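>>> Okay, predicted coordinates and the sequence, questions at the end:
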Amino acid sequence: MGSTSPIPATSTSLPDASSPSLILTRPTAEERRRTWSLTHTTWGGALSHDDYLTREAYLTTVPLAKNGGLTHWILTDSSLAENERPILSSCETLRKHAISTSPSSEGNGAVVVLVEDGIAHGIASVFTDPRFRGRGYASRMMRELGGRLRRWQVTGLSDTDTDNEEEGGKSSLFSVLYSDIGKQFYARSGWAPFESSHAAFRPVPGASSGQSGGGDVARPIGYHELAELCSVDEKLLREALVRRASATGKRCVALLPDLDAILWHLMREDFVTKHIFGRIPTIKGAVYGEPGRRIWAVWTRGYYGGLKTMEGNTLYILRVVVEGEEEKDDDEDLAKGFRSILHIAQAEAAEWRSQDVHMWNPNPRLKKIIERTGVDCEFVDRDKESIASLMWYGQGPTAELDWVANEKFCWC
C-alpha cells in the first residue's frame, strides 16, 4: 500500500471540523496519489494496489474526464504546507452535459416550454480516512462542495477556471451523487433523494445461443455503433423532455447520455477486465429493429469480487432507448425484441462472471415491456445503496423536479 496521511491520527493533532483553517481545495499530484492509495481497499477489490492507481490515473485521460473534466477535491488544513497537510476527506467531480425544460405561459394563455442547456456535476468517491471518521469532516466537505459546484467550470473545461461568484452569473444546472449510506446523510447537505430502484435479472449461460443476428432477433452492439446511437438517443431525450414538461407542468431535468458519458463507463470497464481476465468484452449492448422503430440497451460490467468471488460483480444496463412515440400497438413486438436483448445480456453476464444483471429505474412503459418479455425479473426498491440524489441550483425546490432518464449511465 502507498503512504497515507503524514500526520498522526491523534485528537490533539486534528483540527475541529468547524475550524476556519480547513479548506476545500484541489490536491497536488502527490496528494492525489495518496488519496487513491487510501481508497483502494474500499473500491479496488478486483485490482491490485498498483493496478488500481494506474486505473485512476488512466481515468483522468478518457474523453469525459480529460482537459479538466474531472476535478479532484480534498478537505485539508490550510495552515500546513502542500504534501505535508492531512487529507481529512476527499472526493472527485465529473463535468457532464445536462438539460432542463420548464413550461411558461404566454400572455395569450399558450404554454411555451423553455429549454436550457447547461452542465451538471457528478460527485463520486466521497471518502474519509478511517482514522479521521466521526469528526464531521465529510459533512464539512460536502457543505462547501455543494456551493462551490454552483459556479464551478460553467464557462469551460480548463483546470484553471475559478469560481464565478458574481451575482447573477452563469450557474451549473445541478449536481448529483449516489449515496451508499442511505438517504439522510447527503440530504442534510442539500442533495435530495430521488427514485432508486432496479430490475434484476439472473445470468443465464448460453441464453443468446441460436441467435443469428437476423431481423427477428437483437444484434450485438460494439464501439462502432455507439456514436450513431448516442446521437439519436440525445435527440429523442430532448424531444421527450419538452413533451413531458408541457404535459405535466413540471420542470424536467436530465443528464445527457452523450457518447463521452457512455464511453466513461465502457473504458473504465475495459481497463478492469483486461487486468483481471486478460481480455476485454467486445459486446457492449444489443439493438433490435430497424431505424425509427428500434429498441436498444448499452451495458457495462462492474467488478468488486473479480475472479475470487462473484459477489459484487454486476452487469449494469446503462441505458435503454425506445425509438418512436409513447405507447403504441407495437409494444408486443418491442417486448419480443427486448427479450432477445435481455438474453444477450444474461449470456454476457454469465460469461463474464457477473452475479446479477441490473437495469436502473425503468419507466412505466419499460416495466410493461419487461413484463411482456416473460423473462424472470425482480423489481427492487433500494433504500441504502446507490441512492440517486440531486442538488438543484435553479429556482424552486429540488423535490418538485422531474428527473428523467435517471438510469445507470448517470452514475459516477
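Received it, and whenever you're ready, just let me know what you need. Residues are numbered from 1 along each chain as shown.
>>> From here on, just use CA atoms for contacts and neighbour counts.
Will do.
>>> Pull the contacting residues for Leu149.
His121, Ser172, Ser175 (C-alpha atoms under 8 Å, 6 or more residues apart in numbering).
>>> Now the phi/psi pair for the second one, please.
Spelled out, it's Ser172. phi -60, psi 160 (degrees, to the nearest 10).
>>> surely it meets Arg148?
No: with contact defined as C-alpha atoms under 8 Å, Ser172 does not reach Arg148; the gap is 10.1 Å.
>>> what about the two, which has more around it?
Just comparing Ser172 and Arg148: by other C-alpha atoms under 10 Å the higher neighbour count belongs to Ser172, 23 against 16.
>>> and Ile23, helix, strand or coil?
strand (DSSP: H, G, I helix; E, B strand; the rest coil).
>>> where in the stretch 251-400 of the chain is pLDDT low?
For the stretch 251-400 of the chain, applying pLDDT under 70 flags the ranges 325-330.
>>> quick one: the helices in it?
Remark: helices assigned in the stretch 251-400 of the chain by DSSP state H, counting those that start in this stretch are 259-277, 331-351, 364-373.
>>> Can you name every helix or strand that the first one contacts?
Okay, so that is helix 259-277. helix 49-58, helix 223-248, strand 295-302 (3 or more C-alpha pairs under 8 Å, 6 or more residues apart in numbering; DSSP states H and E).
>>> make it 7 Å
Packing contacts for helix 259-277, counted by 3 or more C-alpha pairs under 7 Å, 6 or more residues apart in numbering; DSSP states H and E, involve helix 223-248, strand 295-302.
>>> Tell me the buried residues in it?
259-273, 275 (16 or more other C-alpha atoms under 10 Å).
>>> what's the farthest-apart pair in these?
Leu259 and His275 (24.2 Å; C-alpha to C-alpha).
>>> tally of neighbours for the closest residue to Ala286 other than its chain neighbours?
Leaving aside its chain neighbours, Ala286 sits nearest to Pro220 (4.2 Å; criterion: C-alpha to C-alpha, 6 or more residues apart in numbering). Residues contacting Pro220 under the criterion other C-alpha under 10 Å number 20.
>>> List phi and psi for the nearest residue to Arg268 once chain neighbours are set aside.
For Arg268, ignoring the flanking residues on the chain, the nearest one in space by C-alpha to C-alpha, 6+ apart is Leu59 at 7.0 Å. Dihedral pair for Leu59: phi -70, psi -10, per degrees, to the nearest 10.
>>> okay, now Ile86: neighbour count?
Slight slip there: residue 86 is Pro, not Ile. With other C-alpha under 10 Å as criterion, Pro86 counts 25.
>>> Am I right that it falls within a helix?
No: using three-state DSSP, the assignment for Pro86 is coil, not a helix.
>>> What pairs with the helix or strand harbouring Ser104, parallel or antiparallel?
Element membership for Ser104, per DSSP states H and E: strand 89-105. With DSSP bridges as the test, strand 89-105 is paired with strand 70-77 (antiparallel), strand 111-127 (antiparallel), strand 252-255 (antiparallel).
>>> Can you tell me which of those is packed in deepest?
Among these, strand 252-255 has the highest mean neighbour count (mean count of other C-alpha atoms under 10 Å), at a mean of 26.
>>> from memory Cys377 sits against Ala199, does it?
Yes: using C-alpha atoms under 7 Å, Cys377 makes contact with Ala199 at a distance of 6.4 Å.
>>> who's more crowded, the two?
Neighbours were counted for Cys377 and for Ala199 using other C-alpha under 10 Å; Ala199 has more, 19 against 16.
>>> what about that one, is that helix, strand or coil?
Taken by three-state DSSP, the conformation at Ala199 corresponds to strand.
>>> The closest residue to it other than its chain neighbours and Met359: what is the separation?
Using C-alpha to C-alpha, 6+ apart and skipping the chain neighbours, the partner closest in space to Ala199 is Phe379 (4.5 Å). Note on Phe379: its distance to Met359, by C-alpha to C-alpha, to the nearest Å, is 10 Å.
>>> list residues touching both of the two?
Both Phe379 and Met359 are contacted by His198, Ala199, Ala200, under the criterion C-alpha atoms under 7 Å, 6 or more residues apart in numbering.
>>> mind listing what the second one touches?
Residues near Ala199 by C-alpha under 7 Å, 6+ apart: His358, Met359, Trp360, Cys377, Glu378, Phe379, Val380.
>>> ok, what's across the strand from it?
With DSSP bridges as the rule, Ala199 is bridged to Met359, Phe379.
>>> quick revisit: tell me which of the contacts of Leu149 is nearest to Gly285?
His121 (26.0 Å).
>>> Give the full set of residues in contact with that closest one.
By C-alpha under 7 Å, 6+ apart, the residues touching His121 are Thr93, Leu94, Arg95, Lys96, Phe174, Ser175, Val176.
>>> Settle this for me: the fifth one is touching Thr398, isn't it.
The one in question is Phe174. No: between Phe174 and Thr398 there is no contact under C-alpha under 7 Å: 9.4 Å.
>>> Please say which of those two ends up with more neighbours.
Neighbour totals were compared for Phe174 and Thr398, and Phe174 leads with 26 against 21 (other C-alpha under 10 Å).
>>> Can you tell me the closest non-neighbouring residue to that one?
Counting by C-alpha to C-alpha, 6+ apart, the residue nearest Phe174 is Trp392, at 4.5 Å.
>>> how close does that neighbour sit to Lys183?
Taking C-alpha to C-alpha, one finds Trp392 at 16 Å from Lys183.
>>> How about Trp299?
From Trp299 over to Lys183 (counting by C-alpha to C-alpha), the distance is 26 Å.
>>> Neighbour count for those two, which is higher?
Neighbour comparison, Trp299 and Lys183: the larger count goes to Trp299, with 26 against 21 (by other C-alpha under 10 Å).
>>> What is the burial count for the closest residue to that one other than its chain neighbours?
Distance criterion C-alpha to C-alpha, 6+ apart; nearest residue to Trp299, sequence neighbours excluded, is Ile317 at 4.1 Å. For Ile317, the neighbour count with other C-alpha under 10 Å is 23.
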